[in-house]
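Peer 1: Whatever this is, show me its structure:
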Amino acid sequence: MSIPPRTAGNLYARSTLFGRAISAPAQQFIHTEGASGRLLLIAAVIALVWANSPWSEVYERIWGHEVTLNIGFINVQEDLRHWVNDGLMAIFFFLITLEVKREVTRGELSSRRKAALPLAAAFGGMFVSAGIYLLFNFGGEHPNGWGIPIATDTAFALGALALTARGAPTALIALLLGTAVVDDVFAMLVIAIFYTESLDMTATAVAGGMFGAVLVAQWLGIRAMSAYLIIGFAMWLAVLTSGVHATIAGVLMGFLTPARPHVDMRHLPERARALLDVIERVGDDRDPEADRALGELEALVYDTESPLERLEHQIHPWSGFVVLPLFALANAGIALNMDAFGDALGSTVALGIFFGLWIGKPLGIVLGAWLAVRLGWAALPDAVNWNQIIGIGVLSGIGFSVSIFITDLAFDGAVAEEAKLGILAATTLSALTGVVVFRWGRRDGSSEVAAT
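Peer 2: So this is what the prediction gives:
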């Protein structure tokens, strides 16, 4: 039995009704109130309290529980913590890649002039923070942890900005987001290049085949989301068994997601007007011709939103309110006792991460931004002053999620625990220092420093 035209249009337009229904308020809540960052903080505190309570063994037993995935010839056994890190975090990195692609195609990184300031600030922050880590660990046993302090936790940083700098200009928020996006791109490259220990060429070839399958499906004009979900899952399985971290599958699928809508907004009025003329001429929505026109009109409006934007809106609340809190709950449970603090204070890994995030990030970001302005590559946005640049530099020292993620790739055992203590200390102090900087800036109206 065929589906009536209008019904088909309704099904097509409403196929993601749940995601669209929650995405608009959730997006606004995330970006204006920092709700995702707050929930992330709550989850981290719960994990810390739980891991240091009389029920700490329960915490380790739950996240250490082995779960097996058995599909045909594929048999993968990991503990629950690794399934969160390898599976759910692929969704997070998929979303990050969508945000990066949006910023590059039509956002703060879409032109050389727009991109210059966040690019310079981000690279300055990454190089100085990594350099400080290497100063502590050059020639030692753990130089490979240099990737840990380069990352910025976007949700935490934006949430902290919303809490500490209420009424901050939009340009300042965009600058922090642009800087964090560049950090995320570099962090993903670091994970893919420097934290891959071995490579299974067969699985890698299969992943490459899935990459090609997506391109072929797009070339054939296939738009069914289910087809891409199946291909994406197959790619994730292949990457999981290849030796490359499984989250890179999320990065690849995000990179392949079209950023252009199927219907150009410039063509909408003409095409919509023709359909409205049909509806007006018939004058009865029970007429098959009007029914068909209504279905086509709904599908036409639906297609003015690009797949990238649609998926970003749908996934953002799931990533912010489910994936990242679960990640924090699984990974932030660190034993806090005098022995652990003593070990961290004597650890070059912990100290390198701590000073890399707390000192290196703001120093590098301010230096990079100042050089870009000084050399004429960029200009400070309107209503943004240098005290605010220092403030977002300090908040960029909040490296929580991605820093912990890279820690689990670089280290294990006691060294990983010391590294996480360094991250937690730097994240806490960066947030508190950010409060001081922004409050001092509000009291001191002369905080704007000349660019020259």
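Peer 1: right, and Met188 touches Glu99 too?
Peer 2: No. Using Cβ atoms under 8 Å, Met188 makes no contact with Glu99, being 11.8 Å away. For the C-beta atoms, the positions are set from N, CA and C on the backbone; glycine is no exception.
Peer 1: Nearest residue to the middle of the protein?
Peer 2: Ile96 (3.4 Å; Cα atoms, centre = their mean).
Peer 1: Find the nearest non-adjacent residue to it, please.
Peer 2: Asp184 (4.9 Å; Cβ to Cβ, 6 or more residues apart in numbering).
Peer 1: The one you found: which element?
Peer 2: Assigned by DSSP states H and E, Asp184 belongs to helix 170-194.
Peer 1: domains for this protein, by residue range?
Peer 2: Domain assignment for the chain, taken from automatic domain parsing, gives 22-195+245-260+306-443, 264-305.
Peer 1: got a markdown table for the ones you listed, with distance to Ala207 and mean pLDDT too?
Peer 2: Shown next, in a markdown table, are the domains of the chain (distance: least, Cβ to Cβ, whole Å; pLDDT from 0 to 100):
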| stretch | distance to Ala207 | mean pLDDT |
| --- | --- | --- |
| domain 22-195+245-260+306-443 | 7 | 83 |
| domain 264-305 | 29 | 70 |
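Peer 1: which of the residues in stretch 354-365 are buried?
Peer 2: Within stretch 354-365, the residues scored as buried using 16 or more other Cβ atoms under 10 Å are Phe354, Phe355, Gly356, Leu357, Trp358, Ile359, Gly360, Lys361, Pro362, Leu363, Gly364, Ile365.
Peer 1: For the second one, give me its contacts.
Peer 2: Translated: Phe355. With contact set as Cβ atoms under 8 Å, 6 or more residues apart in numbering, Phe355 has these partners: Ile132, Tyr133, Phe136, Ala426.
Peer 1: Recalculate using a threshold of 10 Å.
Peer 2: Phe355 makes contact with Ser129, Ile132, Tyr133, Leu135, Phe136, Pro149, Lys361, Gly397, Gly422, Ala426 under the criterion Cβ atoms under 10 Å, 6 or more residues apart in numbering.
Peer 1: The third one too?
Peer 2: Neighbour list for Gly356: 125-126, 128-136, 145-146, 148-150, 364, 397, 399, 403, 422-423, 426 [criterion: Cβ under 10 Å, 6+ apart].
Peer 1: Restricted to helices, list those residues.
Peer 2: Cross-referencing the contacts of Gly356 against helices under DSSP state H gives 125-126, 128-136, 364, 403, 422-423, 426.
Peer 1: and stretch 218-225, average pLDDT?
Peer 2: For stretch 218-225, mean pLDDT is 84.
Peer 1: which residues are in contact with both of Met188 and Glu99?
Peer 2: Common neighbours of Met188 and Glu99 (Cβ under 10 Å, 6+ apart) are Gly254.
Peer 1: if you go through this structure in chain order, where are the strands?
Peer 2: Under the criterion DSSP state E, strands of the chain are mapped to 66-71, 74-79.
Peer 1: who's in contact with Ala328?
Peer 2: For Ala328, counting by Cβ under 10 Å, 6+ apart, the contacting residues are 39-48, 84, 153, 156, 400-401, 404.
Peer 1: Out of these, the closest to Val244 would be?
Peer 2: Using Cβ to Cβ, Val84 comes nearest to Val244 of these, at 18.2 Å.
Peer 1: how about the closest one, what does it touch?
Peer 2: By Cβ under 10 Å, 6+ apart, the neighbours of Val84 are Trp63, Glu78, Val323, Leu326, Phe327, Ala328, Leu329, Ala330, Asn331.
Peer 1: ok, the second one - how many residues close by?
Peer 2: When counting by other Cβ atoms under 10 Å, one arrives at 17 neighbours for Glu78.
Peer 1: next one: the last one
Peer 2: By other Cβ under 10 Å, the residues close to Asn331 number 24.
Peer 1: List the contacts of it.
Peer 2: Neighbouring residues of Asn331 by Cβ under 10 Å, 6+ apart: 43-44, 47, 63, 81, 84-85, 89, 400-401, 404-405, 407-408, 416, 420.
Peer 1: which two from those residues end up farthest apart in space?
Peer 2: Ala43 and Ala416 (19.0 Å).
Peer 1: What does Leu380 show for phi and psi?
Peer 2: phi -60, psi 140 (degrees, to the nearest 10).
Peer 1: Distance of it relative to Val437?
Peer 2: 17 Å (Cβ to Cβ, to the nearest Å).
Peer 1: what do you get for Ile334?
Peer 2: Remark: distance between Ile334 and Val437 (Cβ to Cβ) = 27 Å.
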